[in-house]
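Trainee: 3D model of this:
(chains A and B)
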Amino acid sequence: MSSIQVIPVHMYVLLSAVLFSIGVMGVIFRRNAIIVFMCVELMLNAVNLLLVAFSSYLSDGAGQVFVFFIMAVAAAEVAVGLAILSMVYRNTKSVDIDTLSKLKE
Amino acid sequence: MVIAGLGVIAMLSEIFSFKKLLYPLVLLGLLAAAVLAGLDWNHDTRIPLFGNMIMFDNFSAAFTIVLSFTGFLWFIMARDSFNEESSLTDHYALALFSLAGAVVMVSFGNMTMLFLGIEILSIPLYVLAGSRKTDVHSNEAAFKYFLMGAFASGFLLFGIALVYGATGSFDIPKISLYVAEHATNLPGFFYAGVLMMLAGMAFKVSAVPFHFWAPDVYQGSPTTITAFMATIVKTAAFAALFRLFSNCFIPAATTWSGVVWTLAALTLLTGNITAVYQQSAKRMLAYSSIAHAGYMMLAILAMNKFSATAVLYYTASYSVSTIVSFTVLQLVAAHKGSDLLESFNGLAKKNSFVAVVMTIAILSLAGIPVTAGFFAKYYIFTSAIDSGFTALVIIAVIASLIGVYYYFMIIINMFFKESTDDSPFVIGAAHRFLLIVCTLLILALGLFPDIILRFWI
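Mentor: Have a look, this model is predicted:
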């Protein structure tokens, strides 16, 4: 039994669900775009934690490989996201997402 | 072979040094990809590639053909708008990578590939949506699209993780086997996982109540990119959603069918009713594209042997009609400098060819007989009735009647209202060719619906 299995699996599910929800709440309620990005990352890392826990309990390596995919894609996504954000900043001089509501009628 | 198709697509985009040659090469490459996918037809068994990561079966082949052909039409449409901008090859490359992601999405055999396909599709599109760097609207569209895309991926991934925890595998056939064997004693978080995956995919197909990003993104992005989102992205997302649910989660249908029912009903009504109130034609088409997602969800709900064909036929006819309507919208907006509905006033007098073509495309979107859209809706509805969803079909019919109303506003503007200025309205040869091809396709699909259906079943 590895040390990760000392804690029962449903605690990991609970922990990641809580982390994920914090991320979701952050995306919905925070107004600073950078914090919103951080909250998206928190969501993804909650998923990573869950995958690693399951992978250990199932004694199956695939879950951990998937985590690498998520990390790589998240990095690519953040690179694009920050580029978009810096483009926004150049045009509006602000990272507040409330400035970005010019398309509503 | 999908590898060959992808290879052609990806390789082409790397040829940065031959700017003049690139455009015809891209067009040829897309046609070649469609033909190669067609050659894989009629293998009764699935072709597993990359150690079961990709399963290329008839479903994937059919959708790959539709996607590559739509990509082909889209590149004809996009030609002029890209030429205006400086980094031409980058745009081509991004669009092609995105298309490659779409192909992965329709042929995944493993949850990993589903996720990667979605990301390969989305990430270049975030960039393309923001490709007008100094335009605040384009910035806003890119930002919202990125944020919602990343948010939706989070949901999808959490769902995948939970399903993995419950079934012990990412492999689609293994999950499907496990679900079928243990249908009665799956842990509760498996169902949570299925619903989270559904929510994630609902963001991607812009189903109500996960649609709020779509109108802004569609309106803010450059019109060509909007056309890409409305056709290729939607087709790929629906094919992926259908493939996922039909291959994996049928035994758990009781959990998700109620949710999909509600989503479909909400999407149909909200999409169509909100579209009526729009002033901007581009925004109206955005809501109409939300509404079309509702019709396609009917097929996912029905999930019988006609559903795959119905989705295929619907996406094909919808994509072709949408390409036409966005091309005309782009031309009109370039001519008038605005995409309001009034811009269409008097178009019939200025250029009757464009007006007639637009009318046919819009009739097809509205689902009037003789056009492709009518049979697309017809097949979806019959497939849903076969599975016993009569109430939802009634809602869908009412919704499409509302749809007819706002689609006809454009037609009325074109034919019965006077334009405020007399400047001539001319279109280039490439666009003329594109419009003729698309219109012929719409009529051909409408008059001979068998040409797609015969291949199936």
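
Trainee: Point out the residues in the stretch 201-350 of chain B that sit beside chain A.
Mentor: B:P215, B:D216, B:Q219, B:G220, B:Q278, B:Q279, B:S280, B:R283 (Cβ under 8 Å from any Cβ of the partner chain). Yep, even glycine has a C-beta here, placed from its N, CA and C like the rest.

Trainee: Can you give me the pLDDT of B:K350?
Mentor: You'll see B:K350 listed with a pLDDT of 78.

Trainee: nope, B:Y287 is what I meant
Mentor: 88.

Trainee: Let me know whether it touches B:D216 as I believe.
Mentor: No: when contacts are counted by Cβ atoms under 8 Å, B:Y287 is not listed as touching B:D216 (11.5 Å).

Trainee: B:A152 touches B:A207, doesn't it?
Mentor: No: look at B:A152 against B:A207 with Cβ under 8 Å: they stay out of range, at 11.2 Å.

Trainee: Surely B:N413 is in contact with B:N345?
Mentor: Yes: using Cβ under 8 Å, B:N413 is in contact with B:N345, at 5.2 Å.

Trainee: Looking at B:A152 and B:A207, which one has more neighbours?
Mentor: Just comparing B:A152 and B:A207: by other Cβ atoms under 10 Å in any protein chain shown the higher neighbour count belongs to B:A207, 28 against 21.

Trainee: Can you report how many residues neighbour A:E41?
Mentor: A:E41 has 18 nearby residues by other Cβ under 10 Å.

Trainee: again with B:H182
Mentor: That count, for B:H182 with other Cβ under 10 Å as the rule, works out to 14.

Trainee: again with B:S352
Mentor: 12.

Trainee: B:F212 too?
Mentor: 14.

Trainee: And it, how far from B:R132?
Mentor: Distance of B:F212 to B:R132, given as Cβ to Cβ, to the nearest Å: 22 Å.

Trainee: Likewise for B:V163?
Mentor: From B:V163 over to B:R132 (counting by Cβ to Cβ), the distance is 39 Å.

Trainee: neighbour count winner among the two?
Mentor: B:V163 (28 against 18).

Trainee: Would you mind giving the secondary structure of the more buried one?
Mentor: Following DSSP: H, G, I helix; E, B strand; the rest coil, the label given to B:V163 is helix.

Trainee: In space, what's closest to it - neighbours in sequence excluded?
Mentor: Leaving aside its chain neighbours, B:V163 sits nearest to B:G193 (4.1 Å; criterion: Cβ to Cβ, 6 or more residues apart in numbering or on different chains).

Trainee: Where does the closest residue to chain A within the stretch 201-350 of chain B sit, in terms of helix or strand?
Mentor: In the stretch 201-350 of chain B, the residue found nearest to chain A is B:D216; the distance is 4.3 Å by Cβ to the nearest Cβ. Assigned by DSSP states H and E, B:D216 falls within helix B:213-220.

Trainee: Next to chain A in this structure, residues from the stretch 51-200 of chain B, please.
Mentor: B:111-112, B:115-116, B:119, B:123, B:126-127, B:130, B:133-134, B:136-137, B:139-144, B:146-147, B:150-151, B:153-154, B:157-158, B:160-162, B:164-165, B:168-170, B:189.

Trainee: Low-confidence stretches in chain B?
Mentor: B:1-23, B:25, B:36-52, B:81-88, B:420-422, B:451-457 (pLDDT under 70).

Trainee: Can you show me the strands along it?
Mentor: With DSSP state E as the criterion, chain B has strands at B:47-49, B:54-56.

Trainee: what's the distance between the last one and the middle of its chain?
Mentor: Counting by Cα atoms, centre = their mean, to the nearest Å, strand B:54-56 is centred 21 Å from the centre of its parent chain.

Trainee: other SSEs contacting that strand?
Mentor: Helices and strands touching strand B:54-56, by 3 or more Cβ pairs under 8 Å, 6 or more residues apart in numbering or on different chains; DSSP states H and E, are strand B:47-49.

Trainee: again, 10 Å this time
Mentor: helix B:2-14, strand B:47-49, helix B:88-106, helix B:111-129 (3 or more Cβ pairs under 10 Å, 6 or more residues apart in numbering or on different chains; DSSP states H and E).

Trainee: So which bits of that strand are buried?
Mentor: B:I54, B:M55, B:F56 (16 or more other Cβ atoms under 10 Å in any protein chain shown).

Trainee: Not counting sequence-adjacent ones, nearest residue to A:V24?
Mentor: A:M43 (6.5 Å).

Trainee: does the one you found belong to a helix or a strand, and which?
Mentor: Going by DSSP H and E, A:M43 is in helix A:33-58.

Trainee: which other helices and strands contact the longest helix anywhere in chain A?
Mentor: Ranked by residue count, the top helix of chain A under DSSP state H comes out as helix A:62-92. Secondary-structure packing of helix A:62-92 (3+ Cβ pairs under 10 Å, 6+ apart): helix A:33-58, helix B:111-129, helix B:136-167.

Trainee: With distance to B:W74 added, can I get those in JSON lines?
Mentor: JSON lines is the format used below for the helices and strands packed on helix A:62-92 (distance: least, Cβ to Cβ, whole Å):
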{"stretch": "helix A:33-58", "distance to B:W74": "29"}
{"stretch": "helix B:111-129", "distance to B:W74": "12"}
{"stretch": "helix B:136-167", "distance to B:W74": "18"}
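
Trainee: out of the ones you listed, nearest to B:A310?
Mentor: Across the helices and strands packed on helix A:62-92, B:A310 has its closest neighbour in helix B:111-129 (21.8 Å, Cβ to Cβ).

Trainee: roughly how far out does that closest one sit from the chain middle?
Mentor: Using Cα atoms, centre = their mean, the offset of helix B:111-129 from its chain centre is 14 Å.

Trainee: Could you figure out how far that helix is turned away from helix B:88-106?
Mentor: Between the axes of helix B:111-129 and helix B:88-106, defined by axes from the mean of the first three to the mean of the last three Cα atoms, to 10 degrees, the angle is 150 degrees.

Trainee: B:V26 contacts B:S68, doesn't it?
Mentor: No: between B:V26 and B:S68 there is no contact under Cβ atoms under 10 Å: 11.0 Å.

Trainee: Between those two, which is the more surrounded one?
Mentor: B:S68 (26 against 22).

Trainee: isn't the more buried one right next to B:L28, touching?
Mentor: No: contact between B:S68 and B:L28 fails when scored by Cβ under 10 Å: they sit 11.3 Å apart.

Trainee: quick one: low-confidence ranges for chain A?
Mentor: Short version for chain A, where the test is pLDDT under 70: A:1-4, A:100-105.

Trainee: number of nearby residues for B:S423?
Mentor: 9.

Trainee: show me the contacts for it.
Mentor: Each residue near B:S423 by Cβ atoms under 10 Å, 6 or more residues apart in numbering or on different chains is listed here: B:H335, B:K336, B:K350.

Trainee: Could you check what's spatially nearest to B:L301, not counting adjacent residues?
Mentor: B:V260 (4.9 Å).

Trainee: Return the backbone torsion pair for A:G61.
Mentor: phi -70, psi -20 (degrees, to the nearest 10).

Trainee: returning to that earlier point: and the residue nearest to B:V163, what is it in contact with?
Mentor: For B:G193, counting by Cβ under 10 Å, 6+ apart, the contacting residues are B:158-167, B:186-187, B:249, B:252.

Trainee: is it true that the residue of the stretch 201-350 of chain B closest to chain A touches B:L147?
Mentor: No: at 11.1 Å, B:D216 and B:L147 do not qualify as touching, with contact defined as Cβ under 10 Å.

Trainee: From A:S94, how far out is the residue of the stretch 201-350 of chain B closest to chain A?
Mentor: Distance from B:D216 to A:S94, by Cβ to Cβ: 18 Å.

Trainee: between the two, who's got more neighbours?
Mentor: For the pair B:D216 and A:S94, the greater number of neighbours falls to B:D216 (23 against 13), based on other Cβ under 10 Å.
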